[in-house]
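1. pasting the sequence and the predicted model now:
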Amino acid sequence: MRRLALSIAILWCVTSATVNWWLEPRMTSNHAIAQVSSSVVLAGEKNGDSQSIQPPGTSESSSNRSPQASYVGRDACRECHTENHTWHTDHGHHKTFATTDDPNIIRLFEGRSYDSREPYGTFTYHADDKGLFARIPEKFGDRPFRLPYALGSPEGAVTLLSLLPDEKQNTFAIEHRVSWFHDGDELRPTPQEDDRNPKTAADFFGLRHDGRVMEKCVYCHTTRGTIEGETIVDLISGVNCEKCHGPGSEHVRLARSSKTPPKYSIGRDDWDTESEIQLCGDCHRLPVTVSRSQLREYPDELTRFQPIGLLRSRCFVESEGELRCTTCHNPHQTIKTVPAREHIENCIGCHQESNPSHTLCPVNTSDGCIDCHMPARELPGLSVSFHDHWIRVHSSESPSP
């Protein structure tokens, strides 16, 4: 009788899960790990218990901040966190957004031209005291198209952005059709899914975004900034300390008035793995931002979005909350300055020969972990490689979920 009852219970759970799977094509960000758990089961990996995730800005650590807290700027952090400040200065996070009156951005485009072919034409780039603008002489003569914002970094690639009003005076963004790439110091097409013929003058210059997509572009590349009309107000460019830690005025006040100030936001005792992955995934993407079919098929393009791969990994699922982004990454320090051996040691720390409960690699227990289980993939059009964070044994065939 007990076996019958157990069988019925299991059948009910499986049926309910299956129904929910098909009835919920997308899930909210609060269920990002729950969504990935479904894909992990498909991959034949065990599904551990998962707790709900608090979105950034709603966790207990952030809700305890004073409502009067304001932004103080990253240089205030240098008083106590000199090493982190120095590391962050060289990190890509620090250079993710700029206005195009910045000489470092102007020099990448001014005086250059790029033939984008029909139906778009040849772009020429110029600058004045307001920043960069482009022309397409054969289409619009000398009429300039302003490109006031730049996303990315001169250390990698830079894409220009404009904000414009539509016929109802709602704001939309144009992601410029051409980007500058550090690799080769040249202009090349911005990777865009747009094969439509341009219908308006703005369409000639780039791909149109509006609503949440437009806002997310600015949100993820800045510490603070609000789109108002054709400008971004209260702008703090780049992903700086207060992007992740929150406005720091109260923390700075307490740190200056006390020899033992309380821990601030990230790093508190109540900060856990799920909170961290939710924070990083807010911009580096979570499973909720992609379709079910992409999660199943896992195309190469998903290697750009590291949390999605990590959450699928057996290493994550079976770590019982031990494996997180900062297990391998110091968020203040650029990956370029971290020796490859340090990453391998992180792997070995969880796969020790001396520990009988650890799973050991049958090929090599002391080297080659990254190249074998997290290979770098170069994505078409980007000229930048990304390590696949779905940690697994790779075969020559396409990976099966």
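-> Nice, thanks for sending it over.
2. where does the closest residue to Asp300 other than its chain neighbours fall, phi/psi-wise?
-> Counting by CB to CB, 6 or more residues apart in numbering, Asp300 lies nearest to Arg377, which is 5.4 Å off, once chain neighbours are set aside. No exception for glycine: its C-beta is placed from N, CA and C like everyone else's. With angles defined as degrees, to the nearest 10, Arg377 shows backbone torsions of phi -120, psi 130.
3. any idea how far Lys199 is from Arg377?
-> In this structure, Arg377 and Lys199 are 35 Å apart, going by CB to CB, to the nearest Å.
4. got it, and Ser258?
-> In this structure, Ser258 and Lys199 are 60 Å apart, going by CB to CB.
5. same question for Glu318.
-> Note on Glu318: its distance to Lys199, by CB to CB, is 52 Å.
6. which residue ranges form the helices in the stretch 1-150 of the chain?
-> Secondary structure of the stretch 1-150 of the chain by DSSP state H, counting those that start in this stretch: the helices cover 2-23, 32-42, 60-63, 74-77, 82-89, 103-109, 137-140.
7. for the ones you listed, which has the smallest mean pLDDT value?
-> If you rank the helices of the stretch 1-150 of the chain by mean pLDDT, helix 32-42 sits at the bottom with a mean of 34.
8. can you pull the phi/psi pair for Gly206?
-> Its backbone dihedrals place Gly206 at phi 170, psi -170, with angles given as degrees, to the nearest 10.
9. okay, Glu318 and Lys199: which has more neighbours?
-> Regarding Glu318 and Lys199, a neighbour count based on other CB atoms under 10 Å identifies Glu318 as having more, with 14 against 9.
10. give me the domain ranges for the protein.
-> According to automatic domain parsing, the chain is divided into the following domains: 2-58+271-387, 60-91+241-257, 97-237.
11. check which residues of stretch 331-346 are buried.
-> Counting neighbours by 16 or more other CB atoms under 10 Å, one finds that the buried residues in stretch 331-346 are Pro331, His332, Gln333, Thr334, His343, Ile344.
12. do the same with stretch 216-229
-> Here stretch 216-229 shows Cys217, Val218, Tyr219, Cys220, His221, Thr222, Thr223, Arg224, Gly225, Ile227 as buried, counting by 16+ other CB under 10 Å.
13. also stretch 261-270?
-> Buried positions in stretch 261-270, judged by neighbour count with 16+ other CB under 10 Å: Tyr264, Ser265, Ile266, Arg268.
14. secondary structure class of the first one, three-state.
-> Looking back up the chat, that one is Tyr264. Secondary structure of Tyr264, reduced to three states by DSSP: H, G, I helix; E, B strand; the rest coil: coil.
15. could you measure from it over to Arg256?
-> Here the criterion is CB to CB. By it, Tyr264 lies 13 Å from Arg256.
16. same deal with Arg143?
-> According to CB to CB, Arg143 and Arg256 sit 53 Å apart.
17. how about Thr303?
-> 43 Å.
18. and if you look at Ile308?
-> When CB to CB is the yardstick, Ile308 and Arg256 sit 41 Å from each other.
19. of the two, which one has the most company?
-> Here Ile308 and Arg256 are set side by side on neighbour count (other CB under 10 Å), and the busier one is Ile308, at 27 against 11.
20. got a list of what the more buried one touches?
-> Taking CB atoms under 8 Å, 6 or more residues apart in numbering as the definition of contact, the neighbours of Ile308 are Val36, Gly281, Arg285, Leu286, Pro287, Val290, Leu295, Leu302, His389, Trp390.
21. any idea how many residues pack against the fourth one?
-> Applying other CB under 10 Å, we find 24 other residues in the vicinity of Leu286.
22. check the spacing between it and Ile308 real quick.
-> Leu286 is 7 Å from Ile308, by CB to CB.
23. ok, the last one next?
-> Computed with CB to CB, the distance linking Trp390 and Ile308 is 8 Å.
24. then the third one?
-> Summarising the geometry, the distance separating Arg285 from Ile308, computed by CB to CB, is 6 Å.
25. where do the contact lists of those two overlap?
-> Taking CB under 8 Å, 6+ apart as the contact rule, Arg285 and Ile308 have no neighbour in common.
26. where does pLDDT dip in the stretch 151-300 of the chain?
-> Low-confidence segments of the stretch 151-300 of the chain, defined by pLDDT under 70, span residues 195.
27. ranges for the strands of it?
-> Counting by DSSP state E, counting those that start in this stretch, residue ranges of the strands within the stretch 151-300 of the chain are 157-165, 171-181, 186-189, 206-209, 222-228, 231-237.
28. thinking again about what came up before, turn the buried residues of stretch 331-346 into CSV, including distance to Trp87, secondary structure and pLDDT.
-> Output for these, formatted as CSV (distance: CB to CB, whole Å; DSSP: H, G, I helix; E, B strand; the rest coil; pLDDT from 0 to 100):
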residue, distance to Trp87, secondary structure, pLDDT
Pro331, 9, coil, 92
His332, 4, coil, 94
Gln333, 4, coil, 94
Thr334, 7, coil, 92
His343, 17, helix, 92
Ile344, 21, helix, 93
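29. which of these sits closest to Asp194?
-> Nearest to Asp194 out of the buried residues of stretch 331-346 is Thr334 (CB to CB; 31.8 Å).
30. hang on, the closest one packs against His91?
-> Yes - Thr334 is in contact with His91 according to CB atoms under 8 Å; the separation is 4.6 Å.
31. for stretch 107-126, output the C-alpha coordinates as PDB.
-> Listed in PDB are the C-alpha atoms of stretch 107-126, where the atom choice follows Å, rounded to 0.1, in the frame of the first residue of the first chain:
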ATOM      1  CA  ARG A 107      39.800  59.100 -31.800                       C
ATOM      2  CA  LEU A 108      38.300  55.700 -32.600                       C
ATOM      3  CA  PHE A 109      35.900  57.100 -35.200                       C
ATOM      4  CA  GLU A 110      36.700  60.700 -36.300                       C
ATOM      5  CA  GLY A 111      37.900  61.000 -39.800                       C
ATOM      6  CA  ARG A 112      37.100  57.400 -40.700                       C
ATOM      7  CA  SER A 113      34.500  56.000 -43.100                       C
ATOM      8  CA  TYR A 114      32.800  52.600 -43.500                       C
ATOM      9  CA  ASP A 115      31.000  51.300 -46.500                       C
ATOM     10  CA  SER A 116      27.900  49.500 -45.100                       C
ATOM     11  CA  ARG A 117      26.700  48.700 -48.600                       C
ATOM     12  CA  GLU A 118      23.200  48.900 -49.900                       C
ATOM     13  CA  PRO A 119      20.600  49.800 -48.700                       C
ATOM     14  CA  TYR A 120      22.600  51.700 -46.100                       C
ATOM     15  CA  GLY A 121      25.500  53.400 -47.800                       C
ATOM     16  CA  THR A 122      28.800  54.700 -46.600                       C
ATOM     17  CA  PHE A 123      29.100  56.300 -43.100                       C
ATOM     18  CA  THR A 124      31.600  59.100 -42.500                       C
ATOM     19  CA  TYR A 125      32.400  60.100 -38.900                       C
ATOM     20  CA  HIS A 126      33.000  63.600 -37.500                       C
END
